[in-house]
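>>> got a predicted structure plus its sequence, pasted below:
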Amino acid sequence: METAHVTSKGQLVVPSRLRRKYGIKPGTKICFIERNSEIVFQPVTPEYIRSVCGMLKSKTSVTAELLKERARDKEREEADLETSRTR
């Protein structure tokens, strides 16, 4: 287990072995994720981005769903107009 100390400015030095292993270079963005009583330190590297690409993929097309919803809205509006005309 590696350890580090937080400076008075709140900075944390990541041990060099971990920086090399996870591709953390100067300018690498780091996300801090809170899970229960833990803080997860996740470097946002090209490898990490590739690993999460497509994880929210759906079998249905968002565009197709939107077009269907708009068609249903149009039908409801036309039915409402027809109802108000017959009153």
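Okay, I see it.
>>> CA atoms for contacts and neighbours, from now on please.
Fine.
>>> got the residue ranges for the strands in the protein?
Using DSSP state E, the strands of the chain run over residues 29-35, 38-44.
>>> please identify the most buried of those strands.
Compared across these, strand 38-44 shows the largest average neighbour count, a mean of 13 (mean count of other CA atoms under 10 Å).
>>> and that one, what does it pack onto?
When contacts are defined as 3 or more CA pairs under 8 Å, 6 or more residues apart in numbering; DSSP states H and E, strand 38-44 packs onto strand 29-35.
>>> which other helices and strands contact the strand it packs on?
strand 38-44.
>>> now the strand it packs on: average pLDDT?
Summarised as a single mean, pLDDT over strand 38-44 is 88.
>>> next one: stretch 18-27
Rounded mean pLDDT across stretch 18-27 is 90.
>>> same question, stretch 53-71
Stretch 53-71 shows a mean pLDDT of 80.
>>> of all the strands of the chain, which one is nearest residue 19?
strand 38-44 (9.5 Å; CA to CA).
>>> what's the domain layout of the chain?
1-56, 58-87 (automatic domain parsing).
>>> now the longest helix along the chain, how far from the centre of its chain.
Assignment by DSSP state H gives helix 62-86 as the longest helix of the chain. Distance, stretch centre to chain centre, for helix 62-86: 32 Å (CA atoms, centre = their mean, to the nearest Å).
>>> thanks a lot, see you next time.
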